[in-house]
Structure formats: structure tokens, C-alpha cells
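>>> dropping the sequence and predicted coords here.
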Amino acid sequence: MNHQLLIALLKSEVLPTTGCTEPGAVALATAYAAAALENSPEQIHVTVNPNIYKNGVAVGIPGTGKTGLHIAAALGALKKHPERQLSVLEGVTAEELAQAEEMLRQKAVQVQVDESKAGLWIDLRMTAKNNASRVIIAGSHTNVVQVEYNGQCLLDRRHAAAEDRVDNRLVLRGDVRIADIVAAIEAIPVDELAFLLDGVTMNLAAAEAGISGKLGMGIGAAYDEMVKNGLLAEDMVIAAKKLTAAAADTRMSGENIKIMSSAGSGNHGITVILPVYAVAGQIHAHQERLIRAIALSHVITVYIKIHTGNLSALCGCAVAAATGASAAIAWLLDGDIRAVEAAMKNMIANLTGMICDGGKVGCALKLSTAAAAAVESALLACRQVVVPSSNGIIADTVERTVENLGKVSNPGMLETDKVILDVMLDNRGFF
């Protein structure tokens, strides 16, 4: 496996983000559209596919105390800084928030769902006086494929080759085995992977904020309190649950704190990094081992997402990010390749079926559960405890098991995804 391609993959998939990536992508689209107009936007019409809506409708927007895609769209248009990418909503001022709220009161922002669009799709139309602009983002959160100004096409990549992110993923396609990935991560000079420590610093800061501020549902803070009161011992499992939940508490409540994402998701980044960090701390692992373990966690997460899709009815934090973390923890605990593969099989056997019902503060509970399962699955795997082949979707090889997981996701749960969205719309009284 080409080491430089693997590093390029990591650098394209491991990116900082402020706030949830789905509202961030909508804000990015409005920022691009507003930048093309001379005057302040008067009307914004956003059409998204079901998964963007599902993951953005109830999640906190950084620095606003508000939730949802409407406020994100308005703020992106006011910020007008598309070069900031998924950090476009960073540093919202009181004046910008007041302007955005007024736009919402005037019903200047409309959001609708196009159920015919799969994957990731945002179609943004904006008007200002006699001018109009349009931006389409598709495939991934920052992949702008079309820009129009007054009907004139300024950019059209709808039929071009996929963006760099997808191209970088080619290194994991084909007949790549998990053993190949492990061997490559072990062989790369550690200084070329050291940039991944930025994610530890970033996501750990989010966890600490969640605990000290009792943010979101306060799950991380509750675990911290139970440890201090002697109700729980801070072993590997509890340490992983506490940090992971606390960082999710911070992110999903809309705190203005950066998160290092993985495979296009901030919650994935939390789940990829913090359980591995927690175990490394418990066993006093050398920094080089931690760096390689985090690299392995990221890469296996992307490997799984290639099969399941970027957005689906399955909770990606559970079936992808936590599975990557479990594989990395097994490796960190000096497990051989069989233990790494066994940890992945245990995770897929255990958590497949956990649904994604949108981004929200309650995600911290799911991330906490996934983090605990990641540690436990790795510990069991290192003791040769693994779900046997032919149990449900578990196949003879871990690669075929991941393929089966992908089939469960798509086409298996497409109808489930529609039902989840219908229930969410009913709950919120929309449409």
C-alpha cells in the first residue's frame, strides 16, 4: 500500500470543523451564494436530501443558542466567508445573530426536503434585489459542484470526476485487506503522522469543556461526578465513555469549539480519537503507539464508510467510527492482526442496527455506548473471544463482514431511513 496515498487520505479526511457538519455544509452553500451577490440576501431557498435534513434539524449552531438548518443558512449568508469551509460559522457576532433571527421572522429562509436525492445533496438558491445565485453541494460536505449567477454557470462539476476526497479514497478500494492497512500504518515514519495529535488536543478540549460546563445533556459530566463520588471506577471503559460523551455534549449543544472530524463527521472524529486516547492513557502507551493507533482508527473508519455510505440509516459513529477505534485499541493492546480483525467483527455483530435519527444532544448517549463497546470488543478480541463466522452477518473474513454491513446499510435500510425522517417530521410538526 502506497504510504503517501495513505497520508493524503488522512489529510483529506481528518479536518477541523466548528459545529455539526450538516448545518455547516448548508452554511457553506449560503456563504458561496452570498459571496456571488453584491447586495444582502433577501430570500434563501434550501433544498436538501433527507439525511442532511435529518442530521441538521435539531442540532445546536455554534454561538447562537439556536438549532437547525434555517438559522445556519441565514448565518452562512451573512458571514460570506466560504474560504473557511466547515468552520464558516465560527465567531458569530451578536449583530449577525440578530440579523439572522430577523430573516427567519420575515420568513426569508425556506428549507425543504427532496426525497429523490440520495447520499449528500444541498441545492441553494438566493436572491438579492434583481440578482440571483445558486450553489449545489453534492457527495461530501465541501464538494461544490455547481455555481450560477443570474442564470450564468460559473462552475459545473456535476459530471466531472469526483472531488479529491473521493479520489484519495481509491487507496482503500479494490482488494485491500485490513492486514494491508495495519502493515502500512506500522511502516509509515511516525513524524509523518504526528499531525494527527492535533485532533487529540482539539477533541480533548471539547471533552473538558463538556465536563466543566455540564453542556448538552451533561452525560460526560455525570460520568465524571459518578467517578469522583466512588459510584464508578475510572477503568478503560468508563474513561472512554466519559471523554467521548463529554465531547459530544459540547459539540451537539452548539458550543463554539472546534472538533477534529473524521470521514466528514465531527462525531465520527470524537469517536475515532477519544476512546483510543483513553485506553492509551490507562496503559501509559508511548506517544508513537498512540499516534499510529489513531491513524489506524481513522483509516479503518473511512474503509467502512466506503461500504456503508457517508450518510445512512445506521449510526456511523457506532458501526464505522467505533469499529475503527476498537480495531485501533486491539492493536494498541499489543493484539496481532487476528485480534484487530476480531475486534471489528465483534463490533459489527454487536452494534449493527443502531439507527441514526439525526444530529442532536442525545447523540452523546449513543457515542458513549459505542465507545464502551469499542473498548470491550477489543479486550475480548485480545483474549481470542470473537463472534463466529456465519453468525448473522459475520462472514469468514473481516473484509466480507464489512461488505455485508454495507449491504445492510444500502439497500437494506433505505426504507428505514424514510420512516425515520417521517417520524421526525411528525414530531416537529413540519410539512
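Arrived safely. Residues are numbered from 1 along each chain as shown.
>>> so for the host helix or strand of Ala29, what gets flagged as buried?
Using DSSP states H and E, the element containing Ala29 is helix 21-35. Going by neighbour count (16 or more other CB atoms under 10 Å), the buried part of helix 21-35 is 21-35. Glycine gets a C-beta too; all of them are placed from N, C-alpha and C.
>>> which stretches in the stretch 51-200 of the chain count as helices?
Assigned helices in the stretch 51-200 of the chain, in chain order: 69-79, 94-105, 164-168, 178-187, 197-213 (criterion: DSSP state H, counting those that start in this stretch).
>>> name the SS class of Val387, please.
Classification of Val387 using DSSP: H, G, I helix; E, B strand; the rest coil returns coil.
>>> next one: the residue positioned nearest the centre of the chain from Asn346, what distance?
In the chain, the residue lying closest to the centroid (CA atoms, centre = their mean) is Ser265, at 1.6 Å. From Ser265 over to Asn346 the distance is 22 Å, taken as CB to CB, to the nearest Å.
>>> now Arg251
The gap separating Arg251 from Asn346 is 27 Å, by CB to CB.
>>> so which of the two has more stuff around it?
More crowded of Arg251 and Asn346, by other CB atoms under 10 Å: Arg251, with 36 against 25.
>>> lowest average confidence, helix or strand, in this protein?
The helix or strand of the chain with the poorest confidence is helix 164-168; it has a mean of 62 (mean pLDDT, DSSP states H and E).
>>> what sits against the nearest residue to Ala246 once chain neighbours are set aside?
The shortest distance from Ala246 to any non-neighbouring residue, by CB to CB, 6 or more residues apart in numbering, is to Gly220 (2.3 Å). Gly220 is in contact with 207, 210-211, 242-249, 364, counting by CB atoms under 8 Å, 6 or more residues apart in numbering.
>>> just the pLDDT at Gly220, thanks.
Note on Gly220: pLDDT of 99.
>>> in a strand, it, correct?
No: using three-state DSSP, the assignment for Gly220 is helix, not a strand.
>>> how about the strands in the protein?
16-18, 43-48, 60-61, 66-67, 109-113, 121-128, 131-138, 144-149, 152-156, 258-260 (DSSP state E).
>>> all helices of the stretch 301-431 of the chain, in order?
316, 322-332, 337-351, 363-381, 398-409, 414-428.
>>> my read: Ala263 touches Thr308, true?
No: counting by CB atoms under 8 Å, Thr308 is not a contact partner of Ala263; they are 10.1 Å apart.
>>> show me which of these two is the more surrounded one.
Neighbour tally, Ala263 and Thr308, criterion other CB under 10 Å: the higher count belongs to Ala263, 26 against 22.
>>> for the more buried one, what are its contacts?
Counted by CB under 8 Å, 6+ apart, Ala263 has contacts 13, 298, 301-302, 305, 310, 316, 320-321.
>>> could you list the low-pLDDT ranges of this protein?
The chain contains residues with pLDDT under 70 at 158-166, 429-431.
>>> show me the domain layout of it.
As assigned by automatic domain parsing, the chain contains the domains 17-162, 174-428.
>>> nearest to Leu9, of the ones you listed?
domain 174-428 (6.7 Å; CB to CB).
>>> now do the end-to-end distance for the closest one.
End-to-end distance for domain 174-428, by CA to CA, to the nearest Å: 43 Å.
>>> quick one: it to chain centroid distance?
Taking CA atoms, centre = their mean, to the nearest Å, one finds the center of domain 174-428 at 11 Å from the center of the full chain.
>>> just checking, Ile52 touches Glu22?
Yes: contact criterion CB under 8 Å: Ile52 and Glu22 qualify, at 5.1 Å.
>>> got any residues that touch both of those two?
Leu69.
>>> please report how far the residue nearest to Ala246 lies from Ile273.
From Gly220 to Ile273 the distance is 15 Å (CB to CB).
>>> again, but for Glu95
Applying CB to CB, the value for Glu95 to Ile273 is 35 Å.
>>> these two: who's more crowded?
Comparing Glu95 with Ile273 by other CB under 10 Å, the one with more neighbours is Ile273, at 35 against 9.
>>> about what we covered before: of the contacts of Gly220, just the buried ones, ChimeraX syntax please.
Burial among the contacts of Gly220 is assessed by 16+ other CB under 10 Å; the matching ChimeraX selection reads:
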select :207,210,211,242,243,244,245,246,247,248,249,364
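>>> now the contacts of Gly220 in a markdown table, with distance to Thr17?
Formatted as a markdown table, the contacts of Gly220 follow (distance: CB to CB, whole Å):
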| residue | distance to Thr17 |
| --- | --- |
| Ala207 | 16 |
| Gly210 | 16 |
| Ile211 | 21 |
| Lys242 | 22 |
| Leu243 | 18 |
| Thr244 | 17 |
| Ala245 | 19 |
| Ala246 | 18 |
| Ala247 | 13 |
| Ala248 | 14 |
| Asp249 | 16 |
| Ala364 | 17 |
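>>> from the contacts of Gly220, pick the one nearest Arg338.
Thr244 (26.2 Å).
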